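# Sharing a model that was predicted from the sequence below.
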Amino acid sequence: MSIAPPEQRIWWREPIHKVELGWIVIVFFWGLFMFFFMIAWHFIGNQNLSTETYRIQPSAYVAKVEAFAEKYQVGEENGVPIVRPPAGEDVYLLARKWEWWPILELKKGQSYRFHLSSADWVHGFSLQPTNINISVHPGYEHVINLTPTESGEFGIICNEYCGIGHHLMTGRIRVID
Amino acid sequence: MSTIDAGQIGGYVRNAIFRSCRYTGLKIDTQAQLLIKVNAVAAVIFLLIGGLMGLGVALTRWPAVHLLPADWFYLILTGHGLNLLIFWIIFFEMAVLYFASAVLLNCRMATPRIAWLGFVLMVVGAVMANYAVLRGDSSVMFTAYPPMMAASWFYLALILFVVGALCGVCVFFGTLVIAKAEKTYEGSLPLVTFGALTAAIIAVFTIASGAIILIPTYLWSVGLIANIDPLMYKTIFWAFGHGTQQINIAVQVSIWYLIAALLVGAKPLSEKVSRTAFLMYILFLQLAAAHHLLADPGLSEEWKIVNTSYLMYLAVMGSMIHGMTVPGAIEAAQRRNGFTKGLFGWLRKAPWGNPAFSGMFLSLVLFGFIGGISGVILGTEQLNVLMHNTMYVPGHFHGTVVAGTTLAFMALTYLVLPLIFEREIIWPKLAKWQPYLFGIGVAGISISMMGAGTLGVPRRYWDITLTDAAFAFEFPAAAYLMMGLNGIFALMAALGGGIYIAVTVGTILAGKRLDTKETQPLIFPLHSAGPEAAANYGTSDEAVKLPGTIILVSVFFITFVLYYFVNWKYLSDLWLFS
């Protein structure tokens, strides 16, 4: 029994049950497939999270986002600037307790260099309803090449717990045709 | 009762007092027995606290009920995670380690004083952590990512707790050494002890990681260190945070083998395969800490792919092997027990009325189908972006840690009560239904949370209506339905958990004593024919055919593959990013 020592002292010479052997082979190759499919998606897929990252002081990042917002501001909503950067441009989004700043207006089908970082704690960028979820750390500026493929109003919420205002931390991305 | 006067190890040797188990014939060190009891009782107390907190969490997440205010919600959510994920499970695991070493090896326990020291440290740590959380200034969640800071009490409490756990693990190792030196068993360790050894080895790595990250974080909280890098914290923390879950897997699989052996006389199909599968846990399971870092900046794709796949899914292979060999061993045993009718006669005639068996089998099935498959999906480098930090994550780990580990522990309790506490289970009819209520409740919780996560609902979130937020956003109606279902299933699971606690506490306090002169039959009997009836693979040439198991694992495999590709389809519909 499983609670007694193996009946045969030299248990590694026991034969393996055929069903076990068959299952092991199937499972091993399925594992290999899943492993190589992740690698393959870097070549055949269009959704791979960028690893381009720079160290930055949180205050320096805040200054960069503010300069960016000032340069391309086109309006204001609830006291938050609406920013419409030219296509292909660097776009900055700031996470801080408890808002995503500023509001971004992007063009559908255009690619942007999308910068993400936090001014204070760890936050979670969660774009809804498309459901793209990325961790945002203070001190690390993450650059993602982002191309919106649908137009409309998108909500950003925070999905990394960041204190009592966590569920109030929202933002907007507007995608226009 | 008998005493031994001297062992073969030099130096101080304790005079252990043994009793002999009238149901299994095993020799039990009464010190080990007492330590198993106190650890199990502490576990159940923290299960009660954490379970009540969990009920509060679920009722707040149910949009129609929305029970608690935000600050209380985040407070009890922190407490819920700590009490259940850490305290309930690790106290119970200490009991399992002492059982798998001293009891199964017929051996005296090494240094019970150190085991007591460990127990006291763990109790102090657990109480202190609850105090820190209930004070209201440490609502930082189980993960406690800096720069968010808890009261320094909080980190100190966790450090004390893990040091206590390390003492217990050392006693386990020491007991193995004594058993070997005093030749209390022949040949290799029993498979269940081997599995427990796997868990203990993983525990050492895990506890070391915990110390490496918690000690500087504690120093930071008292002002001696200026800064803790958030990405560094997260990377090392998860070697601890995910590592504790890997201990659970190794322990829970050992419990599957243990219960199958005691209740139907099951024997591993082949020792070699089952042991190799455990060995793969030691080698590869720890890499899964990377699952938590797939959506993070600053880590390369190569690092992510190698680690998140446990080096080409070799640890997943270990789990899938156990997922086949445990039902396979049960089928083989049942067929030898005479239940040979059809494909599933062996399963139909299994002791489903015995909560130890039903709990074990539900744990096996739910862990595989819900926790296991969703874990691989979450841990796929690109797919993670679809559900990172959404409700899908708690959905996944309620499938592993609750439907898998907790249910396995509950099942084992129905054997621990008569065999170690020597009390007959009171309210057997309630006990009979308990695993079904709890298992179905937790399965419902997991699936509805995974559904909500797929629709974008974030985890650890007080208000999904976003009523007070500056830029409101409307989740689809289905998300509300899912969170409502989560609440209903949580009530069901809470009822099952409540019955478990009532039966356990009732039995310990008022169950009929079994340590009297004459041997009484158990209400939930062990396998009558004993070891002789066990499957005898390897020593005879008539290998049993296992058609039922083949069908079960085929259904599992097809589900896995289909669900895997469905998620790639979802991913390919997203915005483009690289």
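Yep, it's here.
# Excluding chain neighbours, what is closest to residue B:147?
Ranked by C-beta to C-beta, 6 or more residues apart in numbering or on different chains and with sequence neighbours excluded, the top spatial neighbour of residue B:147 is residue A:121, at 5.5 Å. Every residue, glycine included, has its C-beta placed from N, CA and C.
# Could I get the contacting residues of the one you found?
Shown in contact with residue A:121 (C-beta atoms under 8 Å, 6 or more residues apart in numbering or on different chains): A:97, A:138, A:162-163, B:145, B:147-148, B:230.
# Go again with 10 Å.
By C-beta atoms under 10 Å, 6 or more residues apart in numbering or on different chains, the contact set of residue A:121 is A:58, A:95-98, A:136-138, A:158, A:160-163, A:166, B:145-149, B:230.
# can you check residue B:360 too?
B:252, B:255-260, B:262-263, B:326, B:330, B:354, B:407-408, B:410-412, B:414-415, B:435.
# Of those residues, which ones also sit close to chain A?
Counting by C-beta under 10 Å from any C-beta of the partner chain, B:256-260, B:262, B:326 from the contacts of residue B:360 sit close to chain A.
# In helices, which of those residues fall?
Using DSSP state H, the subset of the ones next to chain A among the contacts of residue B:360 located in helices is B:256-260, B:262, B:326.
# low-confidence ranges in chain A?
A:1 (pLDDT under 70).
# would you list every one of the strands in it?
For chain A, applying DSSP state E gives strands covering A:53-55, A:73-77, A:80-83, A:90-96, A:99-101, A:103-107, A:112-118, A:123-128, A:132-136, A:140-147, A:152-158, A:170-176.
# Report whether the fifth one contacts chain B.
Yes: in this structure, strand A:99-101 sits against chain B according to C-beta under 10 Å from any C-beta; the contacting residues are A:99-100.
# just the last one next, same as before
Yes: contact of strand A:170-176 with chain B is found when judged by C-beta under 10 Å from any C-beta, involving A:170-173, A:175.
# quick one on the thing from earlier: may I see the ChimeraX selection of the buried members of the contacts of residue B:360?
To isolate the buried ones among the contacts of residue B:360 in ChimeraX, judged by 16 or more other C-beta atoms under 10 Å in any protein chain shown, type:
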select /B:252,255,256,257,258,259,260,262,263,326,330,354,407,408,410,411,412,414,415,435
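# Quick check: the most centrally placed residue in chain B vs chain A, distance?
In chain B, the centroid-proximal residue (C-alpha atoms, centre = their mean) is residue B:405; its distance is 2.9 Å. Applying C-beta to the nearest C-beta, to the nearest Å, the value for residue B:405 to chain A is 18 Å.
# repeat for residue B:458
From residue B:458 over to chain A (counting by C-beta to the nearest C-beta), the distance is 3 Å.
# beta partners for that residue?
Residue B:458 forms beta bridges with residue B:390, as assigned by DSSP bridges.
# In chain A, which helix is the longest?
helix A:18-44.
# which of the residues in that helix are buried?
So helix A:18-44, judged by 16+ other C-beta under 10 Å, has buried residues A:19-20, A:23-24, A:26-28, A:30-31, A:34-35, A:37-38, A:41.
# just curious, which of these is nearest to chain B?
Nearest to chain B among those is residue A:31, at 3.1 Å by C-beta to the nearest C-beta.
# What ranges does the stretch 301-450 of chain B have for its strands?
Per DSSP state E, counting those that start in this stretch, the stretch 301-450 of chain B has no strands. Nothing in it meets that criterion.
# How about it: which residue is closest to chain A?
residue B:313 (3.1 Å).
# Look through the stretch 351-500 of chain B and state the residue closest to chain A.
Counting by C-beta to the nearest C-beta, the stretch 351-500 of chain B gets nearest chain A through residue B:473, at 3.0 Å.
# Does the residue sitting furthest away from the middle of chain B belong to a helix, a strand or coil?
Relative to the mean C-alpha coordinate of chain B, counting by C-alpha atoms, centre = their mean, the farthest residue is residue B:470 (40.6 Å). With DSSP: H, G, I helix; E, B strand; the rest coil as the basis, residue B:470 sits in coil.
# so what's it closest to, chain neighbours aside?
In space, residue B:470 is closest to residue A:78, 5.2 Å off (C-beta to C-beta, 6+ apart).
# And for the one you found, the neighbour number?
Neighbour count for residue A:78, taken as other C-beta atoms under 10 Å in any protein chain shown: 9.
# same deal with residue B:274?
26.
# Leaving out sequence neighbours, find the closest residue to it.
Using C-beta to C-beta, 6+ apart, the closest residue to residue B:274 is residue B:268 (4.4 Å).
# What of residue A:19?
residue B:546 (5.0 Å).
# Check what pLDDT that neighbour gets.
Listed pLDDT for residue B:546 reads 92.
# Starting from residue B:362, give me the distance back to it.
Using C-beta to C-beta, to the nearest Å, one gets 20 Å for the distance from residue B:546 to residue B:362.
# Kindly report the same for residue B:139.
33 Å.
# What are the boundaries of the strands in chain B?
Under DSSP E, chain B gives strands at B:2-3, B:17-20, B:27-29, B:576-577.
# so what strands line up beside the longest one?
Spelled out, it's strand B:17-20. Going by DSSP bridges, the partners of strand B:17-20 are strand B:2-3 (antiparallel), strand B:27-29 (antiparallel).
# Tell me, how many residues neighbour the residue nearest to residue B:101 when sequence neighbours are not counted?
Among residues not flanking residue B:101 along the chain, residue B:175 sits closest, at 3.9 Å (C-beta to C-beta, 6+ apart). Per other C-beta under 10 Å, the neighbour tally for residue B:175 reads 28.
# can you tell me which two in the ones in helices among the ones next to chain A among the contacts of residue B:360 are farthest apart?
The largest separation in these, counting by C-beta to C-beta, is between B:262 and B:326 at 13.5 Å.
# Between the two, which contacts overlap?
By C-beta under 10 Å, 6+ apart, the residues touching both residue B:262 and residue B:326 are A:2, B:360.
# At the contact with chain A, which residues of the stretch 1-150 of chain B appear?
Checking the stretch 1-150 of chain B against chain A by C-beta under 10 Å from any C-beta, the hits are B:24, B:26, B:70-71, B:73-74, B:77-78, B:100, B:103-105, B:139-149.
# redo that, cut-off 6 Å
B:71, B:104, B:141, B:145, B:147-148 (C-beta under 6 Å from any C-beta of the partner chain).
# Inside helices: which ones of these?
Going by DSSP H, the helices hold residue B:71 from the residues of the stretch 1-150 of chain B next to chain A.
# where are the low-confidence patches of chain B?
If you take pLDDT under 70 as the line, chain B has these spans: B:1-12, B:528-543.
# And for residue B:184, the neighbour number?
Residue B:184 has 18 nearby residues by other C-beta under 10 Å.
# Does it touch residue B:107 like I think?
Yes: Residue B:184 lies in contact with residue B:107 (C-beta atoms under 6 Å); the separation is 4.4 Å.
# For the most centrally placed residue in chain A, give its distance to residue B:328.
Nearest to the geometric centre of chain A sits residue A:134, at 2.2 Å (C-alpha atoms, centre = their mean). Computed as C-beta to C-beta, the residue A:134 to residue B:328 distance reads 42 Å.
# How about the contacts made by the closest residue to the residue nearest to the centre of chain A other than its chain neighbours?
Nearest-residue entry for residue A:134: residue A:125, 4.5 Å, with adjacent residues in sequence omitted and distances by C-beta to C-beta, 6+ apart. When contacts are counted by C-beta atoms under 6 Å, 6 or more residues apart in numbering or on different chains, residue A:125 touches A:116, A:134, A:136.
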